[in-house]
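*Asks:* Sequence and computational prediction follow.
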Amino acid sequence: MKKVFKLLTMGFVAIMLVFVLAACNSSSSGKGGAISVGIVLPTKDEPRWVQDEERFKAELDDSEYTTEILFSQGSSAKEKENVETLISKGIEVLIIAPHDGAAAGATVEAAKKEGITVIAYDRLITDTDAVDYYVTFDSVAVGEAQGQYLIDNASGSGVPLYLYTGAASDNNAFLFFEGAWNVLQPKIADGTFVIANSSEAEALKDKPELTRDEMNAILSQVTTNWDPSESKNKAETHLTAVSDDLKGDVAILAPNDGTSRAIADVFSTESAITSFVITGQDAEKASIQYIIDGKQTMTVFKDVRTLVKDAMGMAIEVLEGNTPETTGSYNNGAVDVKAKQTDVIVVNKENVESELIESSYYEADEFTGLE
Ligand code: BGC
């Protein structure tokens, strides 16, 4: 009897724990009843996505529609579970930034079967016809802006170029690299830059357009997997491996802010590096402080308020029985997905105040050392 009670108690505690954990990883807003729009974001561990959650909450504050936001914590299995939970709550529209663009295919197919409209958010879901819309930034332009910044700030020729990319499971990693390669390749071919850390990229330096397989080969050498500690380890390994003629004044293509700060921290402690220009993306608060402090050179600002507005605007059109407006399309390997795309802005020390503070994206008192 005692044992049964103990088991029951343990069961109760376990159930409560599940509820508490579920509550920690989700947030709902709106006016009670069933959930109309489910939002699934890839991870709470990167400020970029916490930013999206905050901006969604601000946008949804006085919405008449009920929404719930769930995080997948870098796991496709958790993502699938999240979508199933939202399906059981009766959602009509799913807004999802997948952890892994290909693995999410089966998950959204399950939603589609229930008549749910699927909107891919920031990251495309690939190789499935179960995606109705795609709301995104111009990701090729992100990479082009990063590459162009390195070109504009390089002096002379033979500048060592360190390449880093995002995770191969994220379609955006290819778009960012494609954009960077578009502008950097001619400058690698003409000797302005010398690739320091990728024999695969070096072997392809005369090719203006790379296939997905060729990009995959480069990614396999220089991916950060969007992980700051992997970025740090790779940067350390690269600096140990190269000779001093690949040090001095260097250029670093870092795919986003989290990886940029980690790589910058490594390069700034290497005595044979005299200066470096390093890119970033997302305008994360920590990187804005790095830029003010001269520790990161630039970031690509993607105004998440616009993306959130576009995604929710689309969802509401669908709920009201209308066809959302789109501005183009992206082929996801199976179909052309109708897309709405937003421009991006390059931010460095010179324009950080006008772009981020004056636009009320951040408050000045969130930073130190602003002039
Ligand atoms: C997003 C970036 C983000 C990266 C890592 C990409 O898909 O577009 O903004 O930094 O994922 O989470």
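*Replies:* Everything's here; your move. Numbers count the residues shown, from 1 in each chain.
*Asks:* Can you show me the helices along this structure?
*Replies:* Ranges of helices in the chain, per DSSP state H, are 2-24, 47-60, 76-88, 104-113, 139-152, 171-189, 199-203, 212-222, 228-241, 257-267, 285-292, 304-319, 352.
*Asks:* what comes into contact with the last one?
*Replies:* By C-beta atoms under 8 Å, 6 or more residues apart in numbering, the residues outside helix 352 that reach it are 288, 291, 292, 370. C-beta: built from backbone N, CA, C; applies to glycine.
*Asks:* Tell me the confidence at the third one?
*Replies:* According to the predicted model, the pLDDT of residue 292 comes to 98.
*Asks:* was I right about it contacting residue 369?
*Replies:* Yes. If you go by C-beta atoms under 8 Å, residue 292 and residue 369 touch, sitting 5.0 Å apart.
*Asks:* Show me which of these two is the more surrounded one.
*Replies:* residue 292 (17 against 8; other C-beta atoms under 10 Å).
*Asks:* And that one, how far from the ligand?
*Replies:* According to C-beta to the nearest ligand atom, to the nearest Å, residue 292 stands 20 Å off from the ligand.
*Asks:* With adjacent residues omitted, what lies nearest to residue 331?
*Replies:* residue 337 (7.5 Å; C-beta to C-beta, 6 or more residues apart in numbering).
*Asks:* Surely that neighbour touches residue 128?
*Replies:* No. Checked against C-beta under 8 Å, the pair residue 337 and residue 128 is beyond contact range at 9.7 Å.
*Asks:* Those two: which is more packed in?
*Replies:* Set residue 337 next to residue 128 and count neighbours by other C-beta under 10 Å: residue 337 wins out with 24 against 21.
*Asks:* Contacts only, for that one.
*Replies:* 120, 124, 131, 132, 133, 134, 329, 330, 331.
*Asks:* Then residue 150?
*Replies:* 161, 184, 193, 251, 252, 253, 277, 279.
*Asks:* I'd like these as JSON lines, with pLDDT, distance to residue 89 and neighbour count appended.
*Replies:* Formatted as JSON lines, the contacts of residue 150 follow (pLDDT from 0 to 100; distance: C-beta to C-beta, whole Å; neighbours: other C-beta atoms under 10 Å):
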{"residue": "161", "pLDDT": "98", "distance to residue 89": "49", "neighbour count": "24"}
{"residue": "184", "pLDDT": "98", "distance to residue 89": "46", "neighbour count": "27"}
{"residue": "193", "pLDDT": "98", "distance to residue 89": "51", "neighbour count": "26"}
{"residue": "251", "pLDDT": "98", "distance to residue 89": "49", "neighbour count": "27"}
{"residue": "252", "pLDDT": "99", "distance to residue 89": "45", "neighbour count": "27"}
{"residue": "253", "pLDDT": "99", "distance to residue 89": "42", "neighbour count": "26"}
{"residue": "277", "pLDDT": "98", "distance to residue 89": "48", "neighbour count": "19"}
{"residue": "279", "pLDDT": "99", "distance to residue 89": "40", "neighbour count": "32"}
